[in-house]
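> the sequence isn't on hand, but the structure is:
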């Protein structure tokens, strides 16, 4: 049932989802940065909702690998990098001294509504949320396509 896959094939499957996630995170960080001097809670809330919707919608644009585990593997790099940033912030102080500190701030900025305004915490939820939303969008695409094929087969039989 589970076919053995090489690391390079898994890595190639993850490039497009990670690039899309990176672009969405930069968009969300830009939105928050542009509205920084305005009412912060409203801007952060809008950026958070936009990130939820866009991550789900981008899942529809990803390549379908025709099985739930391959689709899950195709968004795993997003989780791995977010989880690595989560672990880093658990053991190191975020004082923007390194590139990793800066990356952890940028990657969590669009999800500040979940985080609240309580300093540099990085909940585990933010590690899971983008990859789960991308996967749900991809699986929704798979289910809709399968439903259309089944519907077309039933129409063809009659």
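Here it is on my side, so go on. Just so it is clear, the structure is predicted and the values come from calculations on it, not from any experiment.
> all contacts plus neighbour counts: C-alpha atoms, from now on.
Will do.
> helix, strand, or coil at residue 4?
Assigned with DSSP: H, G, I helix; E, B strand; the rest coil, residue 4 falls in the coil class.
> count of neighbours near residue 93?
12 (other C-alpha atoms under 10 Å).
> before we move on, what about residue 100?
Counted with other C-alpha under 10 Å, residue 100 comes out at 15.
> could you say which helix or strand contains it?
helix 99-108 (DSSP states H and E).
> what helices or strands is that helix leaning on?
On a contact count with 3 or more C-alpha pairs under 8 Å, 6 or more residues apart in numbering; DSSP states H and E, helix 99-108 meets helix 7-34, helix 76-91.
> got the contact list for the residue nearest the centre of the chain?
Taking C-alpha atoms, centre = their mean, the centroid of the chain lies closest to residue 130, which sits 2.4 Å from it. When contacts are counted by C-alpha atoms under 8 Å, 6 or more residues apart in numbering, residue 130 is found next to 21, 52, 55, 78-79.
> not counting its neighbours along the chain, what's nearest residue 107?
Using C-alpha to C-alpha, 6 or more residues apart in numbering and skipping residues adjacent in sequence, the residue nearest residue 107 is residue 25, 6.0 Å away.
> distance of residue 11 from residue 18?
According to C-alpha to C-alpha, to the nearest Å, residue 11 and residue 18 sit 10 Å apart.
> same deal with residue 154?
In terms of C-alpha to C-alpha, residue 154 sits 38 Å off from residue 18.
> what do you get for residue 138?
The value you get for residue 138 to residue 18, if C-alpha to C-alpha is used, is 14 Å.
> what about the chain, any weak spots by pLDDT?
Scanning the chain with the threshold set as pLDDT under 70 gives 1-3, 38-41, 94-96, 113-123, 155-158.
> related to what we said a few turns ago, need the contacts of residue 130 in CSV with distance to residue 68, can you?
Formatted as CSV, those follow (distance: C-alpha to C-alpha, whole Å):
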residue, distance to residue 68
21, 20
52, 21
55, 18
78, 16
79, 16
